[in-house]
Structure formats: structure tokens, C-alpha cells
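Enquirer: take a look and give me a structure for this.
(one chain, ligands or ions: 1)
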Amino acid sequence: MYNYRKVTDDLYWVGANDHRLALFENIHPLYHGVSYNAYVLLDEKTVLFDTADWSVGRQFIDNVKAVLGGRPLDYLVINHVEPDHAASIEEILLRWPQVRIVTSPKAVILLHQFGFPIDAGQVEEVQEGDSKCFGRHTIAFVSAPMVHWPEAMVSFDTTSGVLFSADAFGSFRALDGKLFADEFHFDSEWLDDARRYYTNIVGKYGPQVQALLNKASSLVGLDNIKFICPLHGPVWRRDLGYLIDKYVHWATYEPEERGVMIVYASMYGNTETAAEVLSTKLAERGVTNTRLYDVSSTHVSYLISDLFKYSHLVLASVTYNLGIFPPMHSFLMDMKALNLQKRTVALVENGSWAPRSGALMREELEKLKHMDILDDSLTMASSLQEQNLGEMDALADAIAASVNQ
Ligand SMILES: Cc1cc2nc3c(=O)[nH]c(=O)nc-3n(C[C@H](O)[C@H](O)[C@H](O)COP(=O)(O)O)c2cc1C
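Expert: Here you go, the predicted structure:
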């Protein structure tokens, strides 16, 4: 049974929701599912923008057929070839063999690599600056390299102001029958999923996202964008500035809020206690926009997401066989892989015979850009003791002063 949604008078969402996938990209946990979005434009010509993951292929095809209502499918525009969007291409070609494919040259190479059987004769390659008229609507194509794959492009309908944004502006979480961001309480229901999606999937490519935002501004004009139709998550038709502002923060690695993320690594609870005591002391100094995480039981995608949100970070770690506690080391490696920068960091180390974690974490943090590592730190010997409380107070003072700057 079809279940499509009308976006504008002649544009339809024909995607579908997946609630069964446990790990997105086989890495990132999904507790609220994910949507795979595709769109059909009914102009003089009919145009499908992207397809959907194989897992929702039946629903997707039902939706496309229902919207076409017996009309042929004339064009398939492929903005992004990642299999969670391109997997159903073959199904489209089998059902509408005369369809013509409009995509970037790099996408053609990847389509062949993935074994999606496109015929050279049915492909129309487009470059940045090209546009194509489908009747009433003219679509301009803008390359979006490494947002987040090399072949990615976005398509802008110069007639209706619809930006088909590929994976840009996407989000985890299924749509569950709704579609538009204004049909949700986005801030409370979606923002964390949208941030966790961007920071872990696209976060490394801040400069490339900034380049795309600048192109959208110079080539298209942000005021001319009336709808944002991403490949995951809600469609935006109002308050686009809210979403673009979030992207500007995330792409430039500027924190959204002045607050403190305390991430601890502890085996027997002593370092955990120290992290709690620090959080208490921060609260007593009026710093209450804080979050406390156990690095062992929090999936790193959530830690990365909140690190893009908050201005300050405390890393409290045991020493483990003369090294950093492995889950804490993994978190540091993920920060580096995602180009994380521009944060103020405080360090707490614990060790029972040769504490080293603080120095080792500092070494890793110094490899990141624009990280301000506070001089004040704390070294514990197995557990927090009376003689440590002076250092702990000084550390809390230094963090509070920095947050309140
Ligand atoms: C397997 C293991 C390896 C450890 N390796 C070191 C080490 O190399 N150097 C050190 O000073 N302490 C070492 N410790 C002690 C811890 O760093 C820490 O002091 C102790 O676990 C208490 O902290 P916790 O209660 O937060 O786990 C180790 C502890 C364990 C269980």
C-alpha cells in the first residue's frame, strides 16, 4: 500500500521508514529508526530524485507507482550513490527501462563499481553550473564533493525554490507518517538526532560543508531556498535559518552552548566518583549546563554529538597498563578522525602505581586544532582523597571561570 506525502503542488515525497535497522552504516545505533527519502516531480516530464535503501524498496516502489499514476518515469536524478539511497536503482530501471539518468560523472563510476546496471546511453552527466528544464521546472546542479562522498551533488529547483540536499541537512530517526520539520517539536524531538547524524556522518568535512553553504549563498541565494528536501529526516519549508544556523556552527566546529561535558573512564568507580565531585563543584559555582558520561557505556556517536554541542570538555581517565583506558582512547581517536577542534579541555588522571593517562590524553589533544587545554588538572592515586580536594577546587574554579568568560 502506498503512503506518499505531497510536498508542493507537483512534488511528492515517496520515501519510506526503516525501524528494523539497529546500526546505521553498521556503526551508529538507531533507537528511533531512520527514513530514506526520495521525491517525484510531476512536471511535463516526470522526475524521480534518488531512490531508497533496499530494506524499504517495496514501500518506495509502491509510492513511486502511486504518484506516477500510470505516467512513465522520464528521469531519475541521482544526487548521491551511497547504497542506502541507490540500492533500488535497478528496480527502477527494470520497471521503467526508458528512464534517463541524470547524475555526476563520479557517480557513474561508483554506480558501475556497486554493480548498479546503468547503460551509458541512458545517462546524462551533469557538472556544476549545468541545469535542465523538465517543463515548468528548471533544475540547477551544484557539486557537493565530500558532503559526504566525492560524487555528491545537490539539485536546486530554480522555479519552486526546492533544494534537494542529498545527505546534507539529514537526520537519524524515522518520520512515522509526518514529513515536515514544523509537524514536530524539532528542538526537543529531533535536534539531538540531527546533530548526531551530521557530526558522525559528515562532521569530518566541515570545510566542505562550509564550501557548499557558501555556494548555496552565492549561486542560489539562501533567501531563494524555500524548501530543503534531504535524503534522511524531515523536509523543511519554514524556519530554514534555524537549520542553516546549526549547520554553520557544526561546520565551523563552533559550540552551540557554553557548557561542560564530563567524560570519565573508570573500572572500579573511583574515577567516576571524582567526575561526580567535579560536577558538584561546578554546580556550586553556578555551572549547571553539564553532562556526565561513562565512556564505557555510552556509544561514541553520542559523545561526539555532544562534543559538537558544548564548549568545554573534561576527560577523567584511569591509567590502563601504562596507557589510556581503551574506550577513552577510542573516543580521542574519533575526535581526531572527525576534525574536532575549538574546545576547552580539562584533564583528570588516575593511577595506582604509575599514573600516565593525563599526559597521554594531553598528547592526543595537542594533535587537534585550536584546543585550549587548561593548565589546572588533577592526578589521583587510586581514589579521591582529602589531600586532592584543593586541586579539585582549583580545577573547578578554572573551568567555571573559562565557561563564564
Ligand atoms: C587492568 C588494570 C590495569 C591498570 N594499569 C595501571 C597502570 O598501568 N598504571 C597505574 O598507575 N594504574 C593502573 N591501574 C589502576 C587504575 O589506573 C586505577 O587507579 C584503578 O582502577 C582505580 O580507579 P577506578 O576505580 O576508577 O577504576 C590499572 C588497573 C587495572 C584494573
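
Enquirer: ok, whatever residue of the chain ends up closest to the ligand - how many residues close by?
Expert: Nearest residue of the chain to the ligand, counting by CB to the nearest ligand atom: Gly351, 2.5 Å away. From N, CA and C alone the C-beta is placed, and that goes for glycine too. Around Gly351 there are 19 other residues, counting by other CB atoms under 10 Å.

Enquirer: that one contacts Ser317, correct?
Expert: No. Applying CB atoms under 8 Å, one finds Gly351 not in contact with Ser317, separated by 9.6 Å.

Enquirer: mind listing the shared neighbours of those two?
Expert: Common contacts of Gly351 and Ser317 (CB atoms under 8 Å, 6 or more residues apart in numbering): Ser357.

Enquirer: for the residue nearest the centre of the chain, what are phi and psi?
Expert: The centre of the chain sits closest to Tyr198, judged by CA atoms, centre = their mean, with a distance of 1.2 Å. Phi and psi for Tyr198, reported as degrees, to the nearest 10, are phi -60, psi -50.

Enquirer: tell me how far it lies from Asp167.
Expert: 9 Å (CB to CB, to the nearest Å).

Enquirer: wait, the residue nearest to the centre of the chain sits on Leu243?
Expert: No. Tyr198 is beyond contact range of Leu243, at 10.2 Å (criterion: CB under 8 Å).

Enquirer: where along the stretch 101-250 of the chain do the helices fall?
Expert: When secondary structure is read from DSSP state H, counting those that start in this stretch, the stretch 101-250 of the chain shows helices at 105-113, 186-189, 191-197, 206-215, 240-251.

Enquirer: any idea which of these is most buried?
Expert: Per-residue neighbour counts averaged over each of the helices of the stretch 101-250 of the chain give the maximum for helix 191-197, namely a mean of 23 (mean count of other CB atoms under 10 Å).

Enquirer: which parts of the stretch 151-300 of the chain sit against the ligand?
Expert: By CB under 6 Å from any ligand atom, the residues of the stretch 151-300 of the chain that approach the ligand are 266-271.

Enquirer: only the buried subset of the residues you listed, as a PyMOL command please.
Expert: Isolation of the buried members of those (16 or more other CB atoms under 10 Å) is achieved in PyMOL through the command below:
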select buried, resi 266+270+271
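
Enquirer: just to be sure, Asp84 is in a strand?
Expert: No. Using DSSP: H, G, I helix; E, B strand; the rest coil, the secondary structure at Asp84 is helix, not a strand.

Enquirer: residues in contact with the spatially closest residue to it that is not a sequence neighbour?
Expert: Taking CB to CB, 6 or more residues apart in numbering, and ignoring the residues beside it in sequence, Asp84 has Asp53 as its nearest neighbour in space, at 4.3 Å. Asp53 makes contact with 18, 36, 83-85, 87-88 under the criterion CB under 8 Å, 6+ apart.

Enquirer: do the same with Pro145
Expert: With contact taken as CB under 8 Å, 6+ apart, Pro145 is in contact with 151-152, 208.

Enquirer: would a markdown table of those residues with distance to Leu338 be doable?
Expert: What follows is the contacts of Pro145, written out as a markdown table (distance: CB to CB, whole Å):
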| residue | distance to Leu338 |
| --- | --- |
| Glu151 | 21 |
| Ala152 | 18 |
| Gln208 | 13 |
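
Enquirer: could you dump those to CSV with pLDDT?
Expert: Converted to CSV, those look like this (pLDDT from 0 to 100):
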residue, pLDDT
Glu151, 95
Ala152, 95
Gln208, 93
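
Enquirer: sorry, back to before: state the distance from the residue nearest to Asp84 to Leu213.
Expert: Relative to Leu213, Asp53 is positioned 27 Å away (criterion: CB to CB).

Enquirer: could you do Glu189 as well?
Expert: Taking CB to CB as the measure, Glu189 falls 25 Å from Leu213.

Enquirer: stretch 388-397: which residues count as buried?
Expert: Quick answer for stretch 388-397 (16+ other CB under 10 Å): 388, 391-392, 395-396.

Enquirer: thinking again about what came up before, show the contacting residues for the closest residue to the residue nearest to the centre of the chain other than its chain neighbours.
Expert: Nearest in space to Tyr198, with sequence neighbours left out and distances taken as CB to CB, 6+ apart, is Trp250 at 5.4 Å. With contacts defined as CB under 8 Å, 6+ apart, Trp250 is in contact with 195, 198-199, 203, 206, 209, 308.

Enquirer: where does Phe172 fall, phi/psi-wise?
Expert: For Phe172, the backbone dihedrals are phi -70, psi 170 (criterion: degrees, to the nearest 10).

Enquirer: which non-adjacent residue is nearest it?
Expert: Asp193 (4.2 Å).

Enquirer: ditto for Trp13
Expert: Leaving aside its sequence neighbours, Trp13 is closest to Arg5 (4.4 Å, by CB to CB, 6+ apart).

Enquirer: repeat that for Met328.
Expert: Here the nearest residue to Met328 in space, its sequence neighbours aside, is Ala265; by CB to CB, 6+ apart that works out to 4.1 Å.

Enquirer: hey, what's the one you found bridged with?
Expert: Under DSSP bridges, the beta-bridge partners of Ala265 are Ser317.

Enquirer: what's near enough to touch it?
Expert: Each residue near Ala265 by CB under 8 Å, 6+ apart is listed here: 271, 294-296, 315-318, 320, 324-325, 327-328, 357.

Enquirer: SS state for the closest residue to Trp96 other than its chain neighbours?
Expert: For Trp96, ignoring the flanking residues on the chain, the nearest one in space by CB to CB, 6+ apart is Leu73 at 3.9 Å. Under the three-state scheme (three-state DSSP), the conformation of Leu73 reads as coil.

Enquirer: thank you, goodbye.
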